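Enquirer: Sequence and predicted structure below; questions after.
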Amino acid sequence: MKSFSIDELNKFTTSLLVSKKIPQVNAEYIAEMAVRTEAMGILTHGLAVLGYLDNQVPDVFDPGTEPEIIKEKGASVLIDGKNGFSQLAMKLAIEMAMDKAGTMGIAMAAIRNTSWLGALGPYLESIARAGFMAQLWGQSSQCADCAPIGGITGKFSTNPVALAFPTSGDPVIADISTATVSMGAVNRMVRYDEKARARIFMDKNGLPTDDPNAMLDDGSIFFLGGPEYAHKGYGFSLWAEALTAMSGGSANNPDLPQSQNLNLTIIDIEAFGGMNYFDSEIVRFITHIKDTRLRPGFDAIRLPGERAFKSLKDSLQHGLSLSDAKLEMLNRMARKNGVSELK
């Protein structure tokens, strides 16, 4: 393990992206979000995005690709990612939806035909800190990770969703898969020869197992709820597919090129009960839920996002520690693209 300052990593990752002919301002934003996600402890969806982009640019999409506004009507906007950078499409969606929500009370931005965003939650932080509530749905059009209820063959991505709202401190940000785990977590378990803590996978014969290697042999991941209650996650995942179809994107279809589709909703609290009441009620409610007896093995009641913000603060103060494998991944990209390595 070796530690680097956030500023050092931002500069290094920006230089990697600029070496791929990505415009400086775009490279800075993409790099900042990848580093911040990693610093929040989301190791499967942070700097890993850079490895993905290194393989995509310029062979799959042009480094100068910019998102396009297709349709704008009242509180809604439709953005086409042009099979390019989801980070840039997301940035545009956030800016437009926040402006619309501030005027109209609520706004929705749909993004179709874009690339892998990585973790969803970090993109909602700025929205919640500005006093809004937000939800973000993600869908991938070609993944075969989860089977429909009663089936064996994967027909869905792990289709994630993130929810965020402000508090008197850091925002609450829940970022989850509609499956029991993300594919990033599955790949990590396989890499380190780990088993799941429960039988959250289905093997090729339709039987529950704790072995992630089932995914490499025509198996699938159970939806959120596991073998007995997967219908809960199934319903949420179907909603993500419907949002994709609504935006003119491709619901799961292995015959078409891979793309990710996103849907962002932003709500202005002031348009409803008002921020003053919301703040006081959330403070009361959080105090209420934390005042409870603890289960064995737990030392506190935590809210979604607490661990991530603690990790971020530690990284900002002491630097971000990278595993030898993660550092080598970045330096391999540096050597490939003629950029000075991290030392």
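Expert: Received the coordinates, thanks.
Enquirer: Do a quick rundown of the strands in this structure.
Expert: 2-4, 68-73, 76-84, 106-114, 132-140, 160-165, 172-177, 201-202, 208-209, 220-221, 260-268, 320-322 (DSSP state E).
Enquirer: any chance of the ones you listed in TSV, with mean pLDDT and mean neighbour count too?
Expert: C-betas here are computed from N, CA, C, even on glycine. Formatted as TSV, these follow (pLDDT from 0 to 100; neighbours: other CB atoms under 10 Å):
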stretch	mean pLDDT	mean neighbour count
strand 2-4	96	15
strand 68-73	98	12
strand 76-84	97	22
strand 106-114	98	25
strand 132-140	98	25
strand 160-165	98	23
strand 172-177	98	22
strand 201-202	98	26
strand 208-209	98	16
strand 220-221	98	26
strand 260-268	98	24
strand 320-322	97	20
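Enquirer: With distance to residue 49 added, can I get those strands in TSV?
Expert: Shown next, in TSV, are the strands of the chain (distance: least, CB to CB, whole Å):
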stretch	distance to residue 49
strand 2-4	17
strand 68-73	22
strand 76-84	14
strand 106-114	13
strand 132-140	13
strand 160-165	14
strand 172-177	15
strand 201-202	25
strand 208-209	30
strand 220-221	21
strand 260-268	12
strand 320-322	15
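Enquirer: closest to residue 17 out of those strands?
Expert: The minimum distance between residue 17 and the strands of the chain falls on strand 76-84, with 12.9 Å, by CB to CB.
Enquirer: Just want the angle from the closest one to strand 68-73.
Expert: 170 degrees (axes from the mean of the first three to the mean of the last three CA atoms, to 10 degrees).
Enquirer: So which other helices or strands are in contact with strand 76-84?
Expert: Judged by 3 or more CB pairs under 8 Å, 6 or more residues apart in numbering; DSSP states H and E, the packing partners of strand 76-84 are strand 68-73, helix 86-104, strand 106-114.
Enquirer: what's the second one in contact with?
Expert: Identification of contacts with helix 86-104 by CB atoms under 8 Å, 6 or more residues apart in numbering yields 26, 29-30, 33, 66-67, 69, 72, 74-77, 79, 81, 107-109, 111, 114-117, 123, 126-127, 130, 132, 260, 262, 264-268, 271.
Enquirer: Spatially central, which residue of the protein would that be?
Expert: Most central in the chain under CA atoms, centre = their mean is residue 119, positioned 2.0 Å from the mean C-alpha point.
Enquirer: roughly how far apart are it and residue 331?
Expert: Residue 119 is 23 Å from residue 331, where distance means CB to CB, to the nearest Å.
Enquirer: Isn't residue 331 up against residue 340?
Expert: No: Residue 331 sits out of contact with residue 340 when judged by CB atoms under 8 Å, with a separation of 9.6 Å.
Enquirer: Those two - which one has more neighbours?
Expert: Per other CB atoms under 10 Å, whichever of residue 331 and residue 340 has more neighbours is residue 331, with 16 against 10.
Enquirer: dump the residue contacts of the nearest residue to the more buried one once chain neighbours are set aside.
Expert: Nearest residue to residue 331, sequence neighbours excluded (CB to CB, 6 or more residues apart in numbering): residue 341, at 4.3 Å. Residue 341 makes contact with 331, 334-335 under the criterion CB under 8 Å, 6+ apart.
Enquirer: so what's the residue in the chain sticking out farthest from the centre scoring on pLDDT?
Expert: What lies farthest from the middle of the chain is residue 293; by CA atoms, centre = their mean that is 32.2 Å. At residue 293, the pLDDT value in this model is 97.
Enquirer: What does it show for phi and psi?
Expert: In terms of degrees, to the nearest 10, the main-chain angles of residue 293 are phi -70, psi 140.
Enquirer: From residue 301, how far out is it?
Expert: For residue 293 relative to residue 301 (CB to CB), the value is 10 Å.
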